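1. need a structure here:
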Amino acid sequence: MDPPPLIYHLDHNSVMVINSTGRMRQLFVPFKAKVLEPTICIKEGSWVYIEEVQPHSKHRLLYRVGNNWWPYYIFRLEIHF
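-> As a prediction, this is how the structure comes out:
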């Protein structure tokens, strides 16, 4: 199994994803993500659209889903490139 991709904040509308072979891809919002940990309003295993990205000092990145901001690590991006 490949290690998870590296994800870097570029701006509020995109992230840069680097896979295990070093290939890079810029993702623009909205992009789809799978929920790994349940929240008060999102079930584990469901799919959501990330609508905005923001850097954060504690969590590194926050993703906005609807009106709520969540840390990036509760989601998995499924990108094949």
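
2. for the residue nearest the centre of the chain, give me its contacts.
-> Geometric centre of the chain, nearest residue: Tyr72, 5.0 Å, by CA atoms, centre = their mean. Tyr72 makes contacts with 7, 59-63, as judged by CB atoms under 8 Å, 6 or more residues apart in numbering. Placement of C-beta: from N, CA and C, glycine included.

3. possible to save those residues as a markdown table with neighbour count?
-> Shown next, in a markdown table, are the contacts of Tyr72 (neighbours: other CB atoms under 10 Å):
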| residue | neighbour count |
| --- | --- |
| Ile7 | 18 |
| His59 | 15 |
| Arg60 | 13 |
| Leu61 | 17 |
| Leu62 | 18 |
| Tyr63 | 25 |
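
4. right, and out of these, which lies closest to Glu44?
-> Of all these, Glu44 sits closest to Tyr63, with 15.6 Å by CB to CB.

5. beta partners of the closest one?
-> In this entry, Tyr63 is beta-bridged to Val53, Trp70, by DSSP bridges.
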